[in-house]
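In: need coordinates for the below:
(chains A and B)
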2 protein chains.
Amino acid sequence: MSQTAYRTHHATEVTEELVGRKVTLSGWVDRRRDHGGVAFIDLRDNTGLVQVVIYDEEMARPLRSEFVIQVVGEVRLRPDGNENDHLATGKIEVVAETIEVLAKSDALPFQVSTALENESENKLPGEDVRLKYRYLDLRRPSMQRNLKLRSQMSKAARHALEEMGFEEVETPTMIKSTPEGARDFVVPARLVPGSWYALPQSPQLLKQLLMVSGVERYYQLARCYRDEDFRADRQPEFTQLDMEMAFVDQEDVMAMAEKVIAAIWKSAGYEIQLPIQRITWQEAMDKYGSDKPDLRFGNPLVELTDYFRNTPFRVFQAPYVGAVLFKGGAATPRRQFDAWQDWAKQRGAKGLAYVVFAENGELKGPVAKNLSEEERNGLKKAVGAEDGDAVFFAAGRRTSAQELLGAVRVELADRAGLLKPDDFAFTWVVDFPLFKPTDDPDDDDVAVGHSKWTSMHHPFTMPSKDWIDTFDKDPEHAMSDSYDIVCNGNEMGGGSVRIHRDDIQDRVLDVLGITPEEASDKFGFLLEAFKYGAPPHAGIALGWDRTAAILAGADSIRDVIAFPKAGGGRDPLTGAPAPISAEQRAETGVDYDPDDDED
Amino acid sequence: MSQTAYRTHHATEVTEELVGRKVTLSGWVDRRRDHGGVAFIDLRDNTGLVQVVIYDEEMARPLRSEFVIQVVGEVRLRPDGNENDHLATGKIEVVAETIEVLAKSDALPFQVSTALENESENKLPGEDVRLKYRYLDLRRPSMQRNLKLRSQMSKAARHALEEMGFEEVETPTMIKSTPEGARDFVVPARLVPGSWYALPQSPQLLKQLLMVSGVERYYQLARCYRDEDFRADRQPEFTQLDMEMAFVDQEDVMAMAEKVIAAIWKSAGYEIQLPIQRITWQEAMDKYGSDKPDLRFGNPLVELTDYFRNTPFRVFQAPYVGAVLFKGGAATPRRQFDAWQDWAKQRGAKGLAYVVFAENGELKGPVAKNLSEEERNGLKKAVGAEDGDAVFFAAGRRTSAQELLGAVRVELADRAGLLKPDDFAFTWVVDFPLFKPTDDPDDDDVAVGHSKWTSMHHPFTMPSKDWIDTFDKDPEHAMSDSYDIVCNGNEMGGGSVRIHRDDIQDRVLDVLGITPEEASDKFGFLLEAFKYGAPPHAGIALGWDRTAAILAGADSIRDVIAFPKAGGGRDPLTGAPAPISAEQRAETGVDYDPDDDED
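Out: Numbers count the residues shown, from 1 in each chain, chains lettered A, B, ... in the order given. Now for the predicted structure:
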C-alpha cells in the first residue's frame, strides 16, 4: 500500500525487520540536528517519523526544516544507547545514500515539528495566523490526528449504518428557504433573475420526503448552513450525520443511534455501555439546570423554593429559589467570591448570592444576615452542606435561575479539574415539551410563526401519543416524542418522531401561528406529499463537528475541521468572502428589475 | 434488523419458513384485486412485495392504492397453482387478521405500482410532473433500484479507498472564486457586506492544499457547483468522488483508480478486467473522432487526407478528409440519407457527404460524380468497404471533421442496436496536450487567461517530464501528465499530476496569460503554500452522477439523483428558486453601499 513512485515504505514501516535492506522514503524534514559532522534528520510523513543519518556534508548542507526530500538508504540498528523508545522506529535509522530535494521551504512563519509539539503547544501563534497558514498548521501531528480521527469516525458510523440497512442518499443543497429558525444563506439564480436558492439549514424536509418516497432508512453526512451572527464555536457551514427511518417509533431510533455512537467511540478505542441512560427534560433542568447536563460529575442543584416560601429576604421571594453546593468553598477568599459576581453578571444575571458554612459552624456571607433564624439554622441540612462548604443561590424565573445554577455547577467542576476530556458521560434527554413560549427573554431562537408559542425542536415534531388529541388545547403542557443525545454537557444531536399526517401538521402550524398561506408558500410541498400515503417516520441528526471535537478532546470544533472560518465568517487563508466584479454581479441577476421586461 | 415498532418482518423476508407464523407487516398498498368477495393486496415496502389476503369485506373496504397500512396476519402457502414465480414471496401469502390504516392517499396523479412498471414504463407522465411529485416517482421500483445502486456504489468506493489508506476530509463549500473555467454560484456574505462567497466548482485547490498539509491520501464525495446554461444532462450541483495522493506519479493514481472502479462495478455484480486498456488522446481522435471514445464496437474512422491530396473535388481540398463506414448502408433509402444531412446540420456541420457501393459494384451518391476516376476506383479498398456498404465523409479542420465522423460512428452503432447499456467498455485516454488554442470555434469552454492558449485540463496540470523545460517555448506541442477514464463514450472522470513547484506554476500561468496580479488575487494562497515544501502530488475525480447513470443503465443522470433540478435550474417540487423578502434581501447586504458608511 505504501509503495509508490516515490517510496518503498512509509516512515513507520521501517522497523528492525528491514535492517540491512535498502529503502526509499519520502517526506518532510521534521528536524535536523548536527553532531560531529554527521547530520541527523527526522524524516516525517503521514505515518510518523524515522531517523535518517547523513555522513556526507555536501548531501546534508541544503536540507532545512520542512524541505520535501526523497531518501534512498540502508536500514541499520541504532548504536547501543541511542534507541528512542518514544518512537515506533526508535530502534533503527536509515543511512542516506542519496537524497533528492523534491521541494524547498522558505523560513516558516511558525514551527510545526513533531518534536516541538510534544514539548509544548503554547508556542503556537494566534488563530488567525494558524488559519492563514492552515496547510502548515495541519502538518502538526495533533492536527493530523484530529483529521484521521474524524475520517475514522465517519467510516465507523457508515459501517454501522450499512449493517443496519441504511441507504446513503444525497439531497440537494440549492433548495427553497425552509422554516427552521435561523437565517438562510441565499444564492441568486442567474437563469431565473430575481429568484434565489437557499442553502439548507438541514435536510429535514428532504429526508421526510424520502420517507414518503419509500426509502425507509436514509442517512447522509450532510453539509448544512446557517447565517448566524458569529459565536465562538459556530461555523457558517457545518456537517451533520443525518438519519431518518420509516415505520419506527422513538425507541427504534434511539436504539439505532446508540449503535452508531458506540461504533464511533469504539473506532477510537472506547467501549460505551449500552443502553445509554435517560433523563427527562424536566429532571435535567431541575437537577442540572441544563437541557444538556454534564454527567461526568454529580452535585445536582437543590431546589429551595418551598424552603424559602415565607422568607423575609425579598430576593428569595421568587417563583423559584435553588442552590448549588460549593464543596470546600468556605476557604475561598472574598475577592474570589467577588469574581464570581462578575462571572454571573457577564452571563446576564444580577449577581450570585452565596453563604459560607465556616469551619467553626458559623454561617457567613452577604446573604446570611437577610435570612430568618429558622432559615439559617436549617440551611446546612437543606442543601446537604457540611462545615467548610459554601453554597451559591439563584432566585427568579424557574428556567433562567436553574440555568444560572447549572452554569455555576459546571464552572465549579471545571475549576476543580473534574471535566476530563476522555471521560465520556452520555445521556439521552427525553420528554421534551412540544412548544415553548416565544417571549422567553433568555431564548435567542427565532420563532417561526406569529403566536405566543414556538416549537421546542421544529414544526414537524410529533406530539406524544397522550397529547395527539389535545396538544392545541393546552400548548403549555403538551409533550413531544423527541430526544436529544448529550455528552459531557454538549448536545451531540437530537431528533424526533415526525408528523406524517397532514391533519396533525395543520393543527401544529395553527398553534405556531403560521397561516395556511405561509405554510403553503414555505413547505406546501411537504403537506401535499402527506396526502399520498406518508409512513410513520422518525429520525435523528448528530452534529458531526461537535461529535468529532468531543471524541478528539479538542477545545474547539475548528480543530476538527480542515479549513474552518474565523470570526465573522472570514477565511484568512483564501481571503473569502471577497468582492465580485461588476460583470459577475450583473450575471447573478440580483439587480434584475422586472419592469425592464415590460416592453 | 427489520423488527421495529411497526413490523416483525420486511415483505420479502416472509418466506415458506414462516408458514403458520403470525407476522406484522407495514407498507404501501401496491395493488388491490378483488375476486369472489376476497381482496388480494400486494403490500409493498422497501424490499419488495408480499400478497395479503383479506376475507373480511369490512376490513378490506377502505383500502386503496398507496394507502399506508399495518397488517397482522398468519403466513400460509398459496393454494396450488396460485404461486407466482416472479416474486421472492410468490409461494406464500399472509391472511390478514387485523389491518390498521396508518395513512391514506388521495387519488394519484400517476400510477407507481410495481405491477404497472413491469408492464410498461411509457405510462409515465412528462418529467416536470415526475419531478413535482418526486416522492411518488421515487416509489417506483426502478427508481428505488437506482437509489440503492448509487448508495451501494458509494459504499464500495469508500471501502476500496479505506483499504488503500485514504482519509476522508471534508472541504468547505463557501470559498473564494476559483479559476476553473465555468461561472461560479455566489453567496452574499451578510457579515462582510458587499463581499461574496463562491460555491466550489470542485475542491481542486483545497485538495492540493491538503497535500501540502501532509494528508497524503485524501478522498471526498464532494458536492460541486457550476452556474452553466442549461444542458440536457447537466445539473447546477453535482457530486464527484474526489481523490488526491502525495508522493505518487500518474501510474500510481491510475492503478488506484482502477481498483476503485473495479470495486464499484463488482458491487453491482460485474467483473472488470484490470488493467484497463489505454489509448492516447491523438489515437482516440484519429480513430474514433472523440476524446471519450465508445469502445463497445469497432468501425474506426479512416483518414483519407493523403488519398484525396490531388482531388478535383473542392470540398475535399481540406486539411483533413476522413470517412466512416456504414456497413450494409447501400440499402438505405434516399430520404434516410437526406435525414442524415439534417442530423449533421443540427450538429453545426454543413452536411454529410456520402457514397454508396451498390451491390452491382457501382459507385453512387452525390459525391461520387465529383471524384476523379482514380479516386472512384480505389475508394472501396481505401475505406475497407464492400459492395452493399455506404461511406460517410467529413472534410475540413482536423478536429471538427473528426468529431463529426466520431458522432456518425456512434449514431450508426446506436441505430444498429450495438450500444448495450450493460456492456461496459472502459479505456484510459492518456497523453493529452497541455494546452489548447482559445480560438477553437468548436470549443465552448471558457479560457481562464488572456493568451491564445488555455489549459486542456486546468492550470494546475503538470507538463510531462519531457516538456518541463520547454513547454512555454512550444505550447502547441507540449504534453501533460493527465488522464481521463472513459466508459461507453462517457467521460467518467479525469485527473492529472499537479504542479507542486511555484516556478513551474508561474511559467504555466504566464503561457495562459494570467498576470501575477490576477494569479495572486485568485489563488495566491496556493502559490504561497508551494513556498513551504509541497510534495509531488496527483489525483483524479470521478463524476458520481454520470458514473451512477452508466452503471444503472439510466438514460439521464436525473434518474440517479433523488431530487434533481429541471431545465433552467428549477425544482418543480419545491418551487425553488423563489423570490426573497425585502427584509431577507436587506440582510444579505447585496445592496450595501460603502459610501453609506462614510459619516
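In: sheet-wise, list the partners of the helix or strand hosting residue A:188 with their directions.
Out: Using DSSP states H and E, the element containing residue A:188 is strand A:186-189. Each strand paired with strand A:186-189, and its direction, by DSSP bridges: strand A:195-198 (antiparallel).
In: contacts for stretch A:195-205?
Out: Outside stretch A:195-205, the residues within contact range by C-beta atoms under 8 Å, 6 or more residues apart in numbering or on different chains are A:171-178, A:180-182, A:184-189, A:206, A:220, A:222, A:224-226, A:237, A:240, A:242, A:458, A:460, A:523, A:525-526, A:541, A:589, B:187, B:576-580. Quick note: C-beta positions are derived from backbone N, CA and C, even for glycine.
In: and for stretch A:25-34?
Out: Contacts of stretch A:25-34 (C-beta under 8 Å, 6+ apart): A:6-11, A:14, A:39-45, A:49-50, A:52, A:60, A:63-71, A:73, A:94, A:102, A:113-115, A:139, B:214, B:247, B:533, B:535.
In: among those residues, which ones are buried?
Out: Buried members of the contacts of stretch A:25-34, scored by 16 or more other C-beta atoms under 10 Å in any protein chain shown, are A:6-11, A:14, A:39-45, A:49-50, A:52, A:60, A:63, A:65-71, A:73, A:94, A:102, A:113-114, A:139, B:214, B:247, B:533, B:535.
In: need the contact partners of the strand holding residue A:188.
Out: So strand A:186-189 is contacted by A:174, A:177, A:195-199, A:588-590, B:185-188, B:199, B:569, B:577, B:580, B:584, B:588, B:590 (C-beta under 8 Å, 6+ apart).
In: export it as CSV, just CAs?
Out: C-alpha atoms of strand A:186-189 as CSV (Å, rounded to 0.1, in the frame of the first residue of the first chain):
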residue,chain,number,x,y,z
VAL,A,186,-29.1,32.6,-0.3
VAL,A,187,-27.8,32.2,-3.8
PRO,A,188,-29.1,34.3,-6.7
ALA,A,189,-30.4,32.2,-9.6
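In: name the nearest residue to residue A:557, ignoring sequence neighbours.
Out: Distance criterion C-beta to C-beta, 6 or more residues apart in numbering or on different chains; nearest residue to residue A:557, sequence neighbours excluded, is residue A:545 at 4.1 Å.
In: chain center to the helix or strand encompassing the one you found, what's the gap?
Out: Using DSSP H and E, residue A:545 falls within helix A:544-552. Offset of helix A:544-552 from its chain centre (C-alpha atoms, centre = their mean, to the nearest Å): 5 Å.
In: which strands and helices lie in contact with that helix?
Out: Packing partners of helix A:544-552 (3 or more C-beta pairs under 8 Å, 6 or more residues apart in numbering or on different chains; DSSP states H and E): helix A:141-163, strand A:237-246, helix A:250-267, strand A:490-497.
In: in a markdown table: those, plus mean pLDDT.
Out: A markdown table is the format used below for these (pLDDT from 0 to 100):
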| stretch | mean pLDDT |
| --- | --- |
| helix A:141-163 | 97 |
| strand A:237-246 | 98 |
| helix A:250-267 | 98 |
| strand A:490-497 | 97 |
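In: point out the most buried one among the ones you listed.
Out: The highest average neighbour count among these, using mean count of other C-beta atoms under 10 Å in any protein chain shown, belongs to strand A:237-246 at a mean of 25.
In: quick one: the helix holding residue A:545 to strand A:237-246, angle?
Out: 100 degrees (axes from the mean of the first three to the mean of the last three C-alpha atoms, to 10 degrees).
In: residues making contact with helix A:544-552?
Out: In contact with helix A:544-552 (C-beta under 8 Å, 6+ apart) are residues A:145-146, A:149-150, A:153-154, A:221, A:235, A:238-241, A:264-265, A:268, A:424, A:487-488, A:490-493, A:554-557, A:559-561.
In: ok so, going back, which members of the buried ones among the contacts of stretch A:25-34 occur in strands, if any?
Out: Among the buried ones among the contacts of stretch A:25-34, the residues falling in strands (DSSP state E) are A:39-45, A:49-50, A:52, A:68-71, A:73, A:94, A:102.
In: ok, and of these, which contact chain B?
Out: A:44-45, A:68, A:102 (C-beta under 8 Å from any C-beta of the partner chain).
In: low-confidence ranges in the stretch 101-250 of chain A?
Out: A:117-122, A:178-181 (pLDDT under 70).
In: now do the helices in the stretch 401-550 of chain A.
Out: Using DSSP state H, counting those that start in this stretch, the helices of the stretch 401-550 of chain A run over A:502-512, A:516-529, A:544-552.
In: between those helices, which gets the lowest average pLDDT?
Out: With a mean of 89, helix A:516-529 has the lowest mean pLDDT of the helices of the stretch 401-550 of chain A.
In: quick check: closest non-adjacent residue to residue A:46.
Out: Distances taken as C-beta to C-beta, 6+ apart put residue B:216 closest to residue A:46, at 4.0 Å, once the chain neighbours are dropped.
In: residues near that neighbour, how many?
Out: Neighbourhood size, residue B:216 [other C-beta atoms under 10 Å in any protein chain shown]: 26.
In: same check, this time on residue A:335
Out: Using other C-beta under 10 Å, residue A:335 is surrounded by 8 other residues.
In: ok so it is a strand residue?
Out: No - applying DSSP: H, G, I helix; E, B strand; the rest coil, one finds residue A:335 to be helix, outside a strand.
In: can you report how many residues neighbour the residue of the stretch 351-500 of chain A found nearest chain B?
Out: Residue nearest to chain B within the stretch 351-500 of chain A: residue A:500 (6.0 Å; C-beta to the nearest C-beta). Using other C-beta under 10 Å, residue A:500 has 24 neighbouring residues.
In: spit out the contact partners of it.
Out: Applying C-beta under 8 Å, 6+ apart, we find residue A:500 in contact with A:211, A:462, A:530, A:534-537, B:102-103.
In: apart from its neighbours in sequence, what residue is nearest it?
Out: Nearest to residue A:500 is residue A:534, by C-beta to C-beta, 6+ apart, at 4.2 Å.
In: so that neighbour touches residue B:104, yeah?
Out: No - counting by C-beta atoms under 8 Å, residue A:534 stays clear of residue B:104, with 9.7 Å between them.
In: nice, that's everything, thank you.
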